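Model the following, please.
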Amino acid sequence: MRTRGETARQRILDASTSAFAQFGYEGTSLDRIARTLGVTRQALLFHYKDKRGLYDASLERLFEQREEGMVSRTREEFKSLGDYVDYLVQYAVEFYLGHPEYIALVLRLLMAEGPHAAQAPSSGVGMVARFEEVLREGVKEGVMQDIPVSHLVAVIGGTLSYYKLLPQGARTGVDLMAYDPRAPEEVARISRNLQRAVRGMLGLSQSA
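Sure, this is the predicted structure:
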């Protein structure tokens, strides 16, 4: 059971993550977050020393959540390399579309926003490392094409960023008021399509 302090920090991180994703680092102030929560600025500073500390904690929590789910299953659990690739793609779709603030923050990092702008964002390391392992195994076994892992990351990240941005007004001919990429049937459809695309890039046979 959470303590009052843990509950308070959770609420603060929820509000700050949403604010940083929506308004960026420069556009978010402690006063803005405090107003959202209905507390004082001093209440935030009791838990986090400054805005930078709150920003770092917000990113760290998202990265930890992503990793916790991803490492819950290992390569050894899957009969084939293709099945493991399908799992990684499906996990990426479910996590990223289920956490749109994650994609927003990573996009801001890639656009050189925020105090981490001069650093390579560590947010993609987990997925990149796993696909690098997949590529090494697949190429060694002769069942995959040897392609740069950056190509896979670009396709997966680019596709999911598109679906994150789509409901915000992209002119695509889609009825944006009715379209929700996070709806279960859409998540499943996006997963299937992206799995086929990644298998094609890797030269793997398509799943049934």
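
Now the helix or strand bottoming out on mean pLDDT in the chain: buried residues?
Lowest by mean pLDDT, DSSP states H and E among the helices and strands of the chain is helix 100-110, with a mean of 82. Neighbour-count burial for helix 100-110 flags Pro100, Glu101, Tyr102, Ile103, Ala104, Leu105, Val106, Leu107, Arg108, Leu109 (criterion: 16 or more other Cβ atoms under 10 Å). In this view, the C-beta of every residue, glycine as well, is placed from N, C-alpha and C.

do stretch 62-81 as well
Leu62, Phe63, Arg66, Met70, Leu81.

Now the terminal residues of that stretch, how far apart.
End-to-end distance for stretch 62-81: 27 Å, by Cα to Cα, to the nearest Å.

before we move on, back to that, give me the helices and strands touching the least confident helix or strand of the chain, please.
Under the contact definition 3 or more Cβ pairs under 8 Å, 6 or more residues apart in numbering; DSSP states H and E, helix 100-110 sits against helix 4-23, helix 51-70, helix 81-98, helix 149-165.

Specify the angle between it and helix 81-98 in degrees.
Using axes from the mean of the first three to the mean of the last three Cα atoms, to 10 degrees, one finds that helix 100-110 and helix 81-98 are set 90 degrees apart in direction.

got the angle between helix 100-110 and helix 4-23?
Going by the same axes, to 10 degrees, helix 100-110 makes 60 degrees with helix 4-23.

After helix 100-110, which helix or strand is next?
helix 125-141 (DSSP states H and E).

May I have that next one exported as CSV, CA atoms only?
What follows is helix 125-141, C-alpha atoms only, in CSV (Å, rounded to 0.1, in the frame of the first residue of the first chain):
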residue,chain,number,x,y,z
VAL,A,125,18.0,2.1,-26.1
GLY,A,126,15.9,-0.7,-24.8
MET,A,127,14.1,-1.4,-28.1
VAL,A,128,17.3,-0.7,-30.2
ALA,A,129,19.3,-3.2,-28.1
ARG,A,130,16.8,-5.9,-28.5
PHE,A,131,16.5,-5.5,-32.2
GLU,A,132,20.3,-5.5,-32.5
GLU,A,133,20.3,-8.9,-30.7
VAL,A,134,17.6,-10.1,-33.1
LEU,A,135,19.5,-9.0,-36.1
ARG,A,136,22.7,-10.6,-35.0
GLU,A,137,21.0,-13.9,-34.3
GLY,A,138,19.0,-13.8,-37.5
VAL,A,139,21.9,-13.0,-39.7
LYS,A,140,24.1,-15.6,-38.1
GLU,A,141,21.4,-18.2,-38.7
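
Identify each buried residue in that helix, please.
Under 16+ other Cβ under 10 Å, the buried positions of helix 125-141 are Gly126, Met127, Arg130, Phe131, Val134, Leu135, Gly138.
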